[in-house]
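Asker: could you work out the structure for the sequence below:
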Amino acid sequence: MKIQTSVRVEEEFYQEAKIVFKKVGLTFGDAVNLFLSRVSIEQGIPFSITSIQKNQEDNDLIKSQEISMSKTWDNKEDEAWDEV
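Answerer: Residues are numbered from 1 along each chain as shown. Predicted coordinates:
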C-alpha cells in the first residue's frame, strides 16, 4: 500500500536531482522510495555522513600537506638551480 506524504526540500537540490533522476529513468517519488527501501534494508542511512567539522579538518589537513609538498618541491628547485 502506498501513502501520500509531503516534504519540504531546497528548490535548487530538487531541480538538480530531478534532472539526474530523469537521466536514469526515475521519478522523484521513485527516488524517494528507493532511498527509503535502502534505509529499511540497511537499518541506517545508506551512505556515510560526516560532520561539517570533520570535513573542515580534512580540508585543513589536505591544504597543509599541499603546502608542505609545495615547500619541499620549491626547495628541490632551489637546490637544482644552486648546482647550475
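
Asker: can you list the buried residues in the host helix or strand of residue 22?
Answerer: Residue 22 is part of helix 11-23, with elements assigned from DSSP states H and E. Residues of helix 11-23 classed as buried: residue 21 (neighbour count, 16 or more other C-beta atoms under 10 Å). From N, CA and C alone the C-beta is placed, and that goes for glycine too.

Asker: and residue 2, which of the three is it?
Answerer: Under DSSP: H, G, I helix; E, B strand; the rest coil, residue 2 falls in the coil class.

Asker: one more: residue 59?
Answerer: helix.

Asker: likewise residue 44?
Answerer: coil.

Asker: distance of it relative to residue 50?
Answerer: Note on residue 44: its distance to residue 50, by C-beta to C-beta, to the nearest Å, is 14 Å.

Asker: same thing with residue 18?
Answerer: Distance of residue 18 to residue 50, given as C-beta to C-beta: 26 Å.

Asker: and for residue 6?
Answerer: Residue 6 is 29 Å from residue 50, by C-beta to C-beta.

Asker: these two: who's more crowded?
Answerer: Set residue 6 next to residue 50 and count neighbours by other C-beta atoms under 10 Å: residue 50 wins out with 9 against 4.
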